[in-house]
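[1] Can you look at this prediction? I've put the sequence above it.
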Amino acid sequence: MFLVIMVSASSFFSPLSANIYYPIFDVLARYYNVSNTLTNLTVTTYMILQGIAPTLIAGVSDGAGRRPAFIICFIIYLGANLGLALQTNYAAILVLRMVQSAGSSSTIALASAVVADIATSSERGYFTGWASSGQFIGPGIGPIIGGLLNHYLGWRSVFWFLLISSGVIFLIMLLFYPETCRKIVGDGTIPPPKWNMSVLTHYHLKKHHAADKDRPKANKITILNPLETLAVIFEMEVGLTLFAVAVSFASYYAVISSIPSQFTLVYHYNDIQIALCFLPIGLGAMLAVLGGGRAVDLNYRRYAKNLGFPLVKTKQTDLRHFPIEKARLEIALPVFTIQALSTIGYGWCIHYGTNLAGPLIFLFILTTSAALCFTIMSILLVDLNPAGAGKVAAANNLVRCGLGAAATVAIIPMINAMGSGWASTFFGFLCMAFSPILLVIMKWGPEWRERRRLKEEENEEKAAAKKEREAAK
């Protein structure tokens, strides 16, 4: 569990960096004497890199191991925060925000990959819930931290805070985080290469060197082609799942990104008051983390019991004859609908300027349902491609952040053109319109999955035969 908490803490910095920025948005526009449109560009480019960067690091993660990938991410992120804290030029802020995003965003995909390494399908919901908790708690507490730091210490303190806090987590991971990638360490019996060893692992192996003479030799590390990440998008059942989670994510971020401007306009709140309005988001995320993963695991076990399917926690289970799509998405379908309805309810509360309790309650429900959707879909994506957990998680980031970036750019012009009620209704109906995708995956997903498995086996046989022919020559 300590391992899961570590990767959750590492993935916390991507959404934290995105949302801690909102309270200093107007401050930066005044400081650099630029328009809000130009300042908003630093948010848009941040989200674009949030989608692209993990596709590059996925090859390192699946080929060379999780630990080297984490180290690369943290070094980039720490350097970007240092530059942002010292910067006096808007163009540099724009570039460094992109670098900051590139360093932090890949940790989300890495967290999913680590869960795939250490958890079986029967317990994946519980561990995924905790591993993804940082991704939804960040939007809840980020604006609060940013607002308080900006108010009392100035806007530069935001980046100093990110630098120091991420540096502490990086140090902990250097000392204690072990390599988990099964290609590198197998089931844990294969010693990792030195580059993949934590300080604790290195100390343990050195101390017990005599007893470890008969250990298998470390596997070679390789860097996989980043284009393999893009290829998984075109696998039918994976692609549809990615698209469904992207629609959910885009609708959620369209609402969240509009909170500062709408609460200022409707309720005339200052930065601190707006930051406190993000508290229901953090609470909703925590509820989803504590209860969502367990609900997913319970439904898996119910299916396994009814089908007489073995429940094994010590090794990965062959899901060839198990309806994993139904076991996961039966929970996601009603949650998807709840998210759509709460999005619509929130928008009309803002439109009519109701009592603050109205939009805050809808934000709580919206965040809980969106976090559940993301968790369930992320679990299913790993179930569909456990051997390539890094690249499928990176593909997830690419699609959802791409659509999320488009939604954050579009939401304010949409609100200005049609009002917050109808703008939110659009995103709510978008979720409803694409919810039948889940039914399609449940019905035809097993067939597509089996067809893909047979094709992969055929390709492996051809590759092995080709290798034998070349060796014979």
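    Cool, the structure landed. Numbers count the residues shown, from 1 in each chain.

[2] Okay, now the unreliable bits of this structure?
    1, 36, 136, 187-189, 202-229, 312-316, 387, 473 (pLDDT under 70).

[3] what about the spatially most central residue of it, which helix or strand?
    Nearest to the geometric centre of the chain sits Ile108, at 4.0 Å (CA atoms, centre = their mean). Using DSSP states H and E, Ile108 sits within helix 90-118.

[4] tell me what that helix is packed against?
    helix 2-11, helix 13-19, helix 36-64, helix 66-86, helix 124-131, helix 357-384, helix 389-434 (3 or more CB pairs under 8 Å, 6 or more residues apart in numbering; DSSP states H and E). The C-beta positions use only the backbone N, C-alpha and C, and glycine is treated the same way.

[5] one more time with 6 Å
    Secondary-structure packing of helix 90-118 (3 or more CB pairs under 6 Å, 6 or more residues apart in numbering; DSSP states H and E): helix 2-11, helix 13-19, helix 36-64, helix 66-86, helix 124-131, helix 389-434.

[6] Any idea how far that helix is from the middle of the chain?
    Relative to its chain's centre, helix 90-118 lies at 10 Å (CA atoms, centre = their mean, to the nearest Å).

[7] Which residue comes closest to Leu341 once chain neighbours are left out?
    Gly428 (6.7 Å; CB to CB, 6 or more residues apart in numbering).

[8] check contacts around the one you found.
    Taking CB atoms under 6 Å, 6 or more residues apart in numbering as the contact definition, Gly428 lies against 340, 343-344.

[9] All the strands of the stretch 201-350 of the chain, residue numbers only.
    For the stretch 201-350 of the chain, no strands are identified by DSSP state E, counting those that start in this stretch.

[10] which residues in it form helices?
    Ranges of helices within the stretch 201-350 of the chain are 227-232, 236-267, 271-276, 279-287, 293-307, 324-352, based on DSSP state H, counting those that start in this stretch.

[11] Let me have these in JSON lines, adding mean neighbour count and distance to Ser157 as columns.
    Listed next are those as JSON lines, based on neighbours: other CB atoms under 10 Å; distance: least, CB to CB, whole Å:
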{"stretch": "helix 227-232", "mean neighbour count": "18", "distance to Ser157": "36"}
{"stretch": "helix 236-267", "mean neighbour count": "22", "distance to Ser157": "19"}
{"stretch": "helix 271-276", "mean neighbour count": "19", "distance to Ser157": "14"}
{"stretch": "helix 279-287", "mean neighbour count": "21", "distance to Ser157": "21"}
{"stretch": "helix 293-307", "mean neighbour count": "17", "distance to Ser157": "35"}
{"stretch": "helix 324-352", "mean neighbour count": "22", "distance to Ser157": "30"}
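
[12] Gly308: neighbour count?
    Around Gly308 there are 6 other residues, counting by other CB atoms under 10 Å.

[13] Tell me the spacing between it and His321.
    Counting by CB to CB, to the nearest Å, the gap from Gly308 to His321 is 11 Å.

[14] Ok, Leu38 next?
    56 Å.

[15] Between the two, which has more neighbouring residues?
    Set Leu38 next to His321 and count neighbours by other CB under 10 Å: Leu38 wins out with 14 against 9.

[16] nearest residue to that one other than its sequence neighbours?
    Going by CB to CB, 6+ apart, Leu38 has Tyr90 as its nearest residue, at 7.1 Å.

[17] again, but for Ala102
    Using CB to CB, 6+ apart, the closest residue to Ala102 is Ala53 (4.0 Å).

[18] residues in contact with the one you found?
    Ala53 sits in contact with 102, 105-106, where contact means CB under 6 Å, 6+ apart.

[19] can you put those residues in TSV and add distance to Asn396 and neighbour count?
    As requested, those are exported to TSV (distance: CB to CB, whole Å; neighbours: other CB atoms under 10 Å):
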residue	distance to Asn396	neighbour count
Ala102	17	21
Ser105	11	30
Ser106	12	33
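
[20] which one of those residues is nearest Ala288?
    Ser105 (20.6 Å; CB to CB).

[21] and the nearest residue in space to the closest one that is not next to it in sequence, how far is that from Ala465?
    Nearest non-adjacent residue to Ser105, counting by CB to CB, 6+ apart: Gln50, 4.1 Å away. Distance from Gln50 to Ala465, counting by CB to CB: 42 Å.

[22] can you check Pro446 too?
    Distance from Pro446 to Ala465, by CB to CB: 29 Å.

[23] Am I right that Tyr300 is in contact with Ala327?
    Yes: between Tyr300 and Ala327 there is a contact under CB atoms under 6 Å: 4.9 Å.

[24] can you list the contacts of Ala53 in a markdown table and add distance to Val27?
    Below are those laid out as a markdown table (distance: CB to CB, whole Å):
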| residue | distance to Val27 |
| --- | --- |
| Ala102 | 24 |
| Ser105 | 24 |
| Ser106 | 29 |
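
[25] give the contact list for Val34.
    Per CB under 6 Å, 6+ apart, neighbours of Val34: Tyr90.

[26] tell me which element it is part of?
    Using DSSP H and E, no helix or strand contains Val34.

[27] Identify the residue spatially nearest to Gly353, adjacent ones excluded.
    Val266 (5.0 Å).

[28] Cross-check the contact I'm expecting between that neighbour and Thr354.
    No: checked against CB under 6 Å, the pair Val266 and Thr354 is beyond contact range at 9.3 Å.

[29] one step back: mind picking the one among the contacts of Ala53 that's closest to Gly79?
    Ranked by distance to Gly79 (CB to CB), the contacts of Ala53 are led by Ala102 at 10.7 Å.

[30] count of neighbours near Met197?
    19.

[31] Does Thr180 belong to a helix, a strand or coil?
    Assigned with DSSP: H, G, I helix; E, B strand; the rest coil, Thr180 falls in the coil class.

[32] Return the backbone torsion pair for it.
    phi -120, psi -10 (degrees, to the nearest 10).

[33] Tell me who's in contact with Ile57.
    With CB under 6 Å, 6+ apart, Ile57 has these contacts: 69, 106.

[34] change it to 8 Å
    Counting by CB atoms under 8 Å, 6 or more residues apart in numbering, Ile57 touches 69, 72-73, 106, 109-110, 394.

[35] export those residues to JSON lines and tack on distance to Ser435?
    Listed next are those as JSON lines, based on distance: CB to CB, whole Å:
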{"residue": "Ala69", "distance to Ser435": "34"}
{"residue": "Ile72", "distance to Ser435": "38"}
{"residue": "Cys73", "distance to Ser435": "34"}
{"residue": "Ser106", "distance to Ser435": "30"}
{"residue": "Ala109", "distance to Ser435": "25"}
{"residue": "Leu110", "distance to Ser435": "29"}
{"residue": "Ala394", "distance to Ser435": "25"}
